[in-house]
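# 3D, please:
(chains A and B)
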Amino acid sequence: MRLFLHRRALLPPNMDDMATPLRSNEVVDQYFLEHRAKVLDIAAFLDRFDRAAIVDGVAPSATTNDVRVRALCAALDLLRDGQPERARRALELWSDHSTDPVAKAGMKGAIGAVPLP
Amino acid sequence: MYIDPHIHMVSRTTDDYQRMALAGCVAITEPAFWAGYDRSCAQGFMDYFRQLTDTEPKRAAQFGIQHHTWLCINPKESEDIGLAREVLAEIPNFLDRPNVLGIGEIGLNKNSRNELIVLEEHIALAKSRDLLILVHTPHLEDKMKGTRMIMDAIKDHGVDPGRVLIDHVEEHTVRQVLDRGFWAGMTLYPDTKCTPQRATDIFEMHGTERMWINSAADWGISDPLAVPKCRDEMRRRGHLDSIIRKVSFDNPQKFLSQSGRFRVK
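All right, here's what the predicted structure looks like:
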């Protein structure tokens, strides 16, 4: 409990009681296998895409023009830059940064990413 | 004991009500939304509003769950301004029904001009009757832009942000929503919004003031038990019971009670 209180003291005053109670080794103990599996899912997805691209005779993931695959790969680079708030920055990377309303809603849904600059 | 302040029970089975009650759900609020297809006429919405204000409260009551609702024409069907205005003209006929808390879920979908016009007409209706507002923010790549546009529109109408909940916030929108004085909702979806783990991370980074969690369970990939699962995630990390109760009961109760109609036993 003393450590938890100390960790709370590191937060700004508006953060009430919301310090992360887990120690760093506990974060790894609790979440490593879950996220190991997610990394393998991404690896297998890119492998699957590349196998299909060979059959289709189109560019593989490393050079594809597909907006979504390019966005995903760009986010993977971001994850390893050592900077904080990776989730926020990934979402911003995939977001529409324009400010004016579009003339007409062309479809109902969203695809998950905009073309990278 | 918890409240799920955003769930679409018209799309769920009675078994889901039963499972939610067993998990501790005592009250829900159900915003009007898109049925997965465009209604062909305004009368289709009238039938839907009767379902929300008459049928669902009875179905929920069988399991001791208090049912409340919000009315609007959702942004996915707002591109047709003529239809939207027909529906808007009928909404006041339902606003005095006892389980109606306000206007919602209004907002934007693809951030189009027509969607914005219909949003502003909903805001004006809410403002004229001093009603609470529940806001839907757009999906995925459209969320950041749409959230800003929605908050600007609400501000331009002079609505008190403390009477508006901006829903479906994620890491890239939560800070600006809170900094502008609005309430913020996190929707717990397996794929397209926040997982229980990320929602708990967001609490740890941004605090719990003016924040709630909801399942927004509907006809798509979603989980009517997402709120208790997030409570479990918080508990697993060692967060205090008082904090878990705050985000899943006290905060929703505080915001919704501003309507004067929210009831929880």
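# now do the helix or strand encompassing residue B:118, average pLDDT.
Per DSSP states H and E: residue B:118 is located in helix B:113-129. For helix B:113-129, the mean per-residue pLDDT is 98.
# so which bits of it are buried?
For helix B:113-129, a neighbour-count test (16 or more other C-beta atoms under 10 Å in any protein chain shown) marks B:114, B:115, B:116, B:117, B:118, B:119, B:121, B:122, B:123, B:125, B:126, B:127 as buried. Using the backbone N, CA and C atoms, a C-beta is placed for each residue, glycine as well.
# of the residues you listed, closest to residue B:163?
Using C-beta to C-beta, residue B:126 comes nearest to residue B:163 of these, at 8.5 Å.
# nearest residue to the closest one in space, please, no chain neighbours.
residue B:103 (4.2 Å; C-beta to C-beta, 6 or more residues apart in numbering or on different chains).
# now do residue B:203
residue A:18 (5.4 Å).
# quick one: that neighbour from residue B:207, how far?
Look at residue A:18 and residue B:207: by C-beta to C-beta, to the nearest Å, they are 5 Å apart.
# more crowded one of these two?
Neighbour tally, residue A:18 and residue B:207, criterion other C-beta atoms under 10 Å in any protein chain shown: the higher count belongs to residue A:18, 24 against 19.
# and chain A, which residues reach chain B?
A:4, A:14-22, A:30-31, A:85, A:87-88, A:91-92, A:94-99, A:101-114 (C-beta under 8 Å from any C-beta of the partner chain).
# which SS class is residue A:19?
coil (DSSP: H, G, I helix; E, B strand; the rest coil).
# and it, how many neighbours?
Residue A:19 has 19 neighbouring residues, counting by other C-beta under 10 Å.
# so it touches residue B:207, yeah?
No. Residue A:19 is not in contact with residue B:207 according to C-beta atoms under 8 Å; the separation is 10.5 Å.
# still on that earlier bit, tell me the one of the buried residues of helix B:113-129 nearest chain A?
residue B:116 (5.3 Å; C-beta to the nearest C-beta).
# run through the strands of the stretch 1-150 of chain B in chain order.
Applying DSSP state E, counting those that start in this stretch to the stretch 1-150 of chain B gives strands spanning B:2-4, B:25-31, B:66-71, B:100-107, B:132-136.
# now tabulate the ones you listed in a markdown table and tack on mean pLDDT and distance to residue A:57.
Formatted as a markdown table, these follow (pLDDT from 0 to 100; distance: least, C-beta to C-beta, whole Å):
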| stretch | mean pLDDT | distance to residue A:57 |
| --- | --- | --- |
| strand B:2-4 | 98 | 49 |
| strand B:25-31 | 98 | 47 |
| strand B:66-71 | 98 | 51 |
| strand B:100-107 | 98 | 43 |
| strand B:132-136 | 98 | 42 |
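# by mean pLDDT, which helix or strand of chain A comes out lowest?
Scoring the helices and strands of chain A by mean pLDDT, DSSP states H and E places helix A:2-9 at the bottom, with a mean of 53.
# let me know the next secondary structure element after that helix.
Downstream of helix A:2-9, the first helix or strand assigned by DSSP H and E is helix A:24-56.
# what helices and strands are in contact with the next helix or strand after that next one?
Along the chain past helix A:24-56, the next helix or strand (assigned with DSSP H and E) turns out to be helix A:67-79. Applying 3 or more C-beta pairs under 8 Å, 6 or more residues apart in numbering or on different chains; DSSP states H and E, one finds that helix A:67-79 contacts helix A:24-56, helix A:86-93.
# measure the spatially closest residue to residue B:31 that is not a sequence neighbour to residue B:218 for me?
Nearest residue to residue B:31 in three dimensions, chain neighbours excluded: residue B:105, at 3.7 Å (C-beta to C-beta, 6+ apart). Noted for residue B:105: a distance of 11 Å to residue B:218, by C-beta to C-beta.
# more crowded one of the two?
More neighbours surround residue B:105 than the other of residue B:105 and residue B:218, with 26 against 21 (other C-beta under 10 Å).
# the closest residue to residue A:91 other than its chain neighbours: how many residues sit nearby?
Distances taken as C-beta to C-beta, 6+ apart put residue B:172 closest to residue A:91, at 4.0 Å, once the chain neighbours are dropped. Residue B:172: 20 surrounding residues under other C-beta under 10 Å.
# wait, residue B:172 sits on residue B:141?
No. Proximity of residue B:172 to residue B:141 does not meet the contact threshold set by C-beta under 8 Å, at 10.8 Å.
# mind listing the shared neighbours of those two?
Here residue B:172 and residue B:141 share the contacting residues residue A:95, scored by C-beta atoms under 8 Å, 6 or more residues apart in numbering or on different chains.
# by how many degrees do the helix holding residue B:118 and strand B:100-107 diverge?
Counting by axes from the mean of the first three to the mean of the last three C-alpha atoms, to 10 degrees, helix B:113-129 lies at 160 degrees to strand B:100-107.
# what helices or strands is helix B:113-129 leaning on?
helix B:81-90, strand B:100-107, strand B:132-136, helix B:143-156.
# could you dump the ones you listed to CSV with distance to residue B:50?
Shown next, in CSV, are the helices and strands packed on helix B:113-129 (distance: least, C-beta to C-beta, whole Å):
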stretch, distance to residue B:50
helix B:81-90, 11
strand B:100-107, 12
strand B:132-136, 20
helix B:143-156, 28
